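Undergrad: what's the 3D shape of this:
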Amino acid sequence: MSFLHPEFLYYGLVPLLIVFAFVLRKKSSQESYFSSEVMDKLRVTANTLSLKMRNILFLIIAILLLIALSGPIIDEGTIEVKAKSADIMVALDISDSMLAEDVYPNRLKLAKQKALELLKLAPSERIGVIAFAKNSYLVSPLSFDSNAVAFLLRELRTNSITEKGTNFLSMLEVVDKSIKKESKKYLLILTDGGDSESFSKEIEYAKEKNIVVFVLALGTSKGAPIKREDGSFLKLNGKVLISKLNKNISALATKTGGVYIESVNSNADIQAMLREIEAHSEKKELKSQEIKRFIPLFYFPLGLALFILLFATSSWGTKTTKSVAPLFVLVFALGFSQDAKAGVTDFMLLDKAKTAYERGEYNKAQKLYEQYSSISKNADADYNIANTLYKRKKYKEAQAAYEKLHFDEPEKQAKNYANLGNSYVKAKTKDGLDKAVEAYENSLTLQEDKDVRENLEAVKKAIQEQKKKENKKDNKDKKDKKEKQDKKDKSDKDDKKDKSDKKDKKDKSDKKDKSQSKDDKSKNDKKSDKKSEDEKKKEQEKSQEKRDEKKKDEEQKKEDKTKEIKDEKSTEQKQSQVKDMKDMMSDEEEKKWLKQLSKQQSTFLYRLNDDNKFEDKTDEKPW
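TA: Numbering: from 1, shown residues only. Below you'll find the model as predicted:
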């Protein structure tokens with residue numbers, strides 16, 4: 001145990017003892033005139049605290065109060081607190097085009113609202129402000145004082161810079177000069193994009209000077225006239241100018257490693273922009289400080305002093321005080337000593353557990369954390385137990401431990417979700433990657449973290465690759481199945497063919513045998529009737545020749561008829577082609593259709609409407 005302010009004991013205890021020594025030695029005014037025996041007889045009752053006893057109690061009370069003022073503590077070591085910041089420079093466009101009212105209330109006022117909201121959302125970041133039009137000026141350097149920066153922001157007007165126009169290159173030069181050159185620079189531009197068609201010079205300069213540009217675009221594609229403070233509209237050559245959102249500025253953001261977002265009426269755009277800046281930025285350490293951790297014990301001597309004061313100022317008798325007071329003092333002292341002992345023991349356990357964890361002795365660390373958890377009933381101890389299980393590669397047990405935990409602080413709960421996602425990935429279960437994505441997303445909703453964001457993207461890629469492999473495997477299985485089926489069908493077909501061939505051969509052999517037997521039988525008959533058969537044969541041949549000639553004549557007639565039909569069809573086709581040629585469109589109609597087709601063009605970024613309402617407008621002025 002130690003003291004935060006031991007000087008109270010050093011300089012207060014000795015004078016206090018000297019003063020009470022004089023007080024205790026001093027006799028009362030009655031005792032100077034009467035003896036103690038006489039005073040005892042004059043008192044109504046002797047069962048009351050004497051003046052000397054009361055003074056002793058007051059001395060004890062004063063000593064206890066000195067101890068309480070000195071701040072007794074149980075030391076728990078030191079922690080290092082680091083101040084980190086991404087250093088965001090906000091550039092506000094205050095050219096005349098920002099007075100256009102195509103957004104409410106107008107572009108400039110909306111830009112101020114977005115910048116002020118950024119100051120509220122990022123109190124731990126250093127933020128500076130630059131105002132630019134034709135030239136650029138540093139309004140506020142990088143500062144943690146958000147109130148001062150907000151005051152300067154509110155005072156910006158379009159007439160703060162007299163030269164009109166929009167020059168992004170001069171603004172980038174001011175950013176480069178206002179931030180240290182060895183560090184990466186992060187710039188948020190609130191603008192309508194000006195009227196430049198190309199930002200190649202600005203992109204080249206930003207890359208050279210290591211500036212990452214984020215653009216929050218204000219305005220609409222439709223545009224609006226520029227209304228001055230006197231109520232008149234800005235004109236060029238007698239015509240009212242229409243200022244539109246220049247989306248070409250998106251190249252300045254995307255090509256320098258930043259993000260381009262178009263504004264909306266709510267604060268969702270600036271919240272999304274801050275998340276993107278924190279995700280892309282590398283926070284640098286500004287300063288660090290060591291802070292002591294301790295358990296305060298001042299309330300124990302203070303409570304005891306108040307308890308003794310109750311006896312010292314009460315009308316209780318001496319006997320009651322002597323019997324009750326020591327009992328309460330003893331109970332209080334025992335409670336104090338037990339609590340102090342428990343506090344010291346807890347701290348020693350926690351310190352041993354931390355040392356074992358840092359040395360990689362995770363089994364020992366887990367046992368010590370479990371012992372500390374059973375005593376303290378602290379969620380942090382359970383979180384450390386889950387971490388030791390993760391380090392011991394017991395990922396399923398670690399998952400169960402992380403899932404049971406819930407912290408009221410968003411930062412701790414975000415870390416718990418992140419570690420839960422890591423355990424799902426390491427476990428390599430079937431649905432582990434999907435659950436890991438859910439855990440990482442829960443963590444990022446509570447607190448944005450670059451490492452968690454990278455883990456989330458890596459897991460999503462792994463899921464996509466896994467799906468591709470599964471699809472590839474399924475396709476391969478289907479292909480193999482199809483090939484097997486084809487082979488089976490082919491073999492069945494070959495078997496059927498072989499069977500049919502065998503059957504045909506068998507039929508032919510049977511026919512041949514039958515014909516052979518018939519020939520053998522009829523040989524004898526032919527010898528006897530040879531003459532009559534020859535005559536019959538001649539007659540059959542003559543009749544056969546007649547039939548063949550008749551058949552040939554009929555076939556010739558059919559061929560002539562089909563030829564005539566073909567000729568008729570060919571003539572009809574030629575006539576229809578001639579008719580189609582006559583019905584073809586004229587040259588004027590052809591030109592008209594070609595012109596209509598050439599009008600249907602699609603732009604690179606967006607399309608205004610399907611009917612091309614503004615296609616014939618040739619007098620539109622750029623701004």
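Undergrad: just how off-centre is stretch 160-168 within its chain?
TA: 38 Å (CA atoms, centre = their mean, to the nearest Å).
Undergrad: Then stretch 478-488?
TA: Per CA atoms, centre = their mean, the centroid offset for stretch 478-488 relative to its chain is 46 Å.
Undergrad: pLDDT weak spots in the stretch 451-600 of the chain?
TA: Within the stretch 451-600 of the chain, the segments meeting pLDDT under 70 span 491, 495-539, 542, 546, 550, 557-600.
Undergrad: again, 50 this time
TA: Scanning the stretch 451-600 of the chain for pLDDT under 50 picks out the ranges 525-528, 531, 574-575, 577-583, 594-595, 597-600.
Undergrad: give the contact list for Val240.
TA: Pro225, Phe233, Leu234 (CB atoms under 8 Å, 6 or more residues apart in numbering). Where C-beta positions appear, they are placed from N, C-alpha and C, glycine not excepted.
Undergrad: Among the residues you listed, which lie within helices?
TA: Using DSSP state H, no member of the contacts of Val240 sits in helices.
Undergrad: need the residues you listed in TSV with pLDDT and neighbour count, can you?
TA: Shown next, in TSV, are the contacts of Val240 (pLDDT from 0 to 100; neighbours: other CB atoms under 10 Å):
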residue	pLDDT	neighbour count
Pro225	92	17
Phe233	88	14
Leu234	84	18
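Undergrad: So which of those residues are in strands?
TA: Mapping the contacts of Val240 onto strands (DSSP state E) picks out Pro225.
Undergrad: Could you point out which of the contacts of Val240 is nearest to Lys367?
TA: Lys367 has its nearest neighbour among the contacts of Val240 in Pro225, at 75.3 Å by CB to CB.
Undergrad: roughly how far apart are the closest one and Asp96?
TA: Pro225 sits 11 Å away from Asp96, taking CB to CB, to the nearest Å as the criterion.
Undergrad: quick one: common contacting residues for the two?
TA: Residues touching both Pro225 and Asp96 (CB under 8 Å, 6+ apart): Leu234.
Undergrad: in which helix or strand would I find the spatially most central residue of the chain?
TA: Geometric centre of the chain, nearest residue: Leu444, 4.7 Å, by CA atoms, centre = their mean. Here Leu444 sits within helix 432-446, counting by DSSP states H and E.
Undergrad: Which residues does that helix contact?
TA: Contacts of helix 432-446 (CB under 8 Å, 6+ apart): 410-411, 413-415, 417-418, 420-422, 424-425, 449, 452-453, 455-456, 459-460, 462-463, 466.
Undergrad: Just the buried residues of these.
TA: For the contacts of helix 432-446, a burial check counting by 16 or more other CB atoms under 10 Å picks out 413-415, 417-418, 420-422, 424-425, 449, 452-453, 455-456, 459.
Undergrad: Out of those, which comes closest to Tyr10?
TA: Nearest member of the buried ones among the contacts of helix 432-446 to Tyr10, counting by CB to CB, is Lys415, at 43.8 Å.
Undergrad: Could you look up the SS state of the closest one?
TA: Here Lys415 is recorded as helix under DSSP: H, G, I helix; E, B strand; the rest coil.
Undergrad: Next, the contact list for it, please.
TA: Contacts of Lys415 by CB under 8 Å, 6+ apart are Ser443.
Undergrad: From Lys482, how far off is His406?
TA: 53 Å.
Undergrad: three-state assignment of Leu188?
TA: strand.
Undergrad: Count the residues that sit near it.
TA: Around Leu188 there are 26 other residues, counting by other CB atoms under 10 Å.
Undergrad: Go ahead and confirm it touches Leu274.
TA: No - counting by CB atoms under 8 Å, Leu188 sits too far from Leu274 to count as a contact (9.0 Å).
Undergrad: Find the residues that touch each one of the two.
TA: Common contact partners of Leu188 and Leu274 (CB under 8 Å, 6+ apart): Leu118.
Undergrad: which residues in the stretch 101-250 of the chain form helices?
TA: Using DSSP state H, counting those that start in this stretch, the helices of the stretch 101-250 of the chain run over 107-121, 146-154, 168-178, 200-208, 250-254.
Undergrad: Need those in TSV (columns: mean neighbour count).
TA: Formatted as TSV, the helices of the stretch 101-250 of the chain follow (neighbours: other CB atoms under 10 Å):
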stretch	mean neighbour count
helix 107-121	19
helix 146-154	15
helix 168-178	19
helix 200-208	16
helix 250-254	20
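Undergrad: Looking at those, which is nearest to Ser373?
TA: Closest among the helices of the stretch 101-250 of the chain, using CB to CB: helix 107-121, at 36.3 Å.
Undergrad: Can you name every helix or strand that the closest one contacts?
TA: If you count contacts as 3 or more CB pairs under 8 Å, 6 or more residues apart in numbering; DSSP states H and E, helix 107-121 packs onto strand 88-93, strand 127-132, helix 146-154, strand 185-191, helix 268-280.
Undergrad: contacting residues around the residue lying closest to Gly71 once chain neighbours are set aside?
TA: Of all residues not flanking Gly71 in the chain, Leu4 sits nearest, at 3.3 Å (CB to CB, 6 or more residues apart in numbering). Residues near Leu4 by CB under 8 Å, 6+ apart: Ser70, Gly71, Ile73, Phe294.
Undergrad: Can you tell me which of these is closest to Lys184?
TA: Nearest to Lys184 among the contacts of Leu4, counting by CB to CB, is Phe294 at 38.8 Å.
Undergrad: Identify the residues contacting the closest one.
TA: Leu4, Ile73, Ile74, Asp75, Glu76.
Undergrad: For the stretch 1-150 of the chain, just list every one of the strands.
TA: Here the stretch 1-150 of the chain has its strands, by DSSP state E, counting those that start in this stretch, at 2-3, 72-85, 88-93, 127-132, 136-143.
Undergrad: What pairs with the longest one, parallel or antiparallel?
TA: Taking DSSP bridges as the criterion, strand 72-85 sits next to strand 2-3 (antiparallel), strand 284-296 (antiparallel) in its sheet.
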